[in-house]
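[1] Give me the fold of what follows.
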Amino acid sequence: MPRKILRRLLPKINETAKKSKVKWLRTLASDPNLLQINRHSVSIAVFIGVFTAFLPIPGQTILAIIMSLWSRANLPIAALIVWLSNPLTMPPMFYLSYRLGSSLTRVEPIDFSDIANWGWFSIVGSKILIPLMIGSVILGLICGILSYFLVLRAWRFKVIKNWEHRNMKRRPAKDNNTTIN
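    So this is what the prediction gives:
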């Protein structure tokens, strides 16, 4: 994974913790995984962020931060990945989650072509909630696990490429004009 790019984008914890309003960050800086960039903390943070992004609940970022503290994952990355579910991506994500949940629970999917108003939400909301939550958890787990392994694979690929690049620089260039005796 491009550690240098992530370090440029994320704020410097030592400089940020000097400010009076965020002095509580000093205790977080002592844990090497919460704010530092390494393969373990970043991959778990991506899993947490993607999983939480699929949950149809308010306070997804707060939940991601709590899960990051509990699992010692990179806090800023988990909080940023949650924003995959934004107003543009929420409708397709939640519709796909609902369809998956309704097929797993064998509940007939509701026709969404009707005009949605408060009365419609109060009547239909209870029918949507359980399939939506089941589908969201399952889809969140699947996408989270896939993204976890994708980050691990990309990180390993980048480390191998950097290692090969360093070794190519160290090797002496072979002279093509040598004669064999």
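[2] pull the CA atoms of stretch 42-55 into CSV?
    Provided in CSV are the C-alpha atoms of stretch 42-55 (Å, rounded to 0.1, in the frame of the first residue of the first chain):
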residue,chain,number,x,y,z
VAL,A,42,-5.1,-0.2,7.7
SER,A,43,-6.6,-3.4,6.5
ILE,A,44,-8.7,-3.8,9.6
ALA,A,45,-9.7,-0.1,9.3
VAL,A,46,-10.9,-0.7,5.7
PHE,A,47,-12.9,-3.7,6.8
ILE,A,48,-14.5,-1.7,9.6
GLY,A,49,-15.2,1.3,7.3
VAL,A,50,-16.8,-0.8,4.5
PHE,A,51,-18.8,-2.9,6.9
THR,A,52,-20.2,0.1,8.8
ALA,A,53,-20.9,1.9,5.5
PHE,A,54,-23.4,-0.8,4.6
LEU,A,55,-25.4,-0.5,7.9
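[3] Counting neighbours, which bits of that stretch end up buried?
    42-55 (16 or more other C-beta atoms under 10 Å). No exception for glycine: its C-beta is placed from N, CA and C like everyone else's.
[4] Could you do stretch 137-145 as well?
    137, 139, 140, 143, 144.
[5] what would these look like in JSON lines with pLDDT and distance to residue 131?
    Output for the buried residues of stretch 137-145, formatted as JSON lines (pLDDT from 0 to 100; distance: C-beta to C-beta, whole Å):
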{"residue": "137", "pLDDT": "94", "distance to residue 131": "11"}
{"residue": "139", "pLDDT": "94", "distance to residue 131": "12"}
{"residue": "140", "pLDDT": "93", "distance to residue 131": "14"}
{"residue": "143", "pLDDT": "94", "distance to residue 131": "18"}
{"residue": "144", "pLDDT": "94", "distance to residue 131": "20"}
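[6] quick check, nearest of the residues you listed to residue 103?
    Ranked by distance to residue 103 (C-beta to C-beta), the buried residues of stretch 137-145 are led by residue 139 at 11.9 Å.
[7] distance of residue 105 from residue 39?
    37 Å (C-beta to C-beta, to the nearest Å).
[8] which one of the two has more residues nearby?
    Counted by other C-beta atoms under 10 Å, residue 105 and residue 39 do not tie: residue 39 has more neighbours, with 16 against 11.
[9] got the contact list for that one?
    1, 151, 152, 155, 156 (C-beta atoms under 8 Å, 6 or more residues apart in numbering).
[10] Which of the residues you listed sits closest to residue 125?
    When the contacts of residue 39 are compared for distance to residue 125 (C-beta to C-beta), residue 151 wins out at 35.7 Å.
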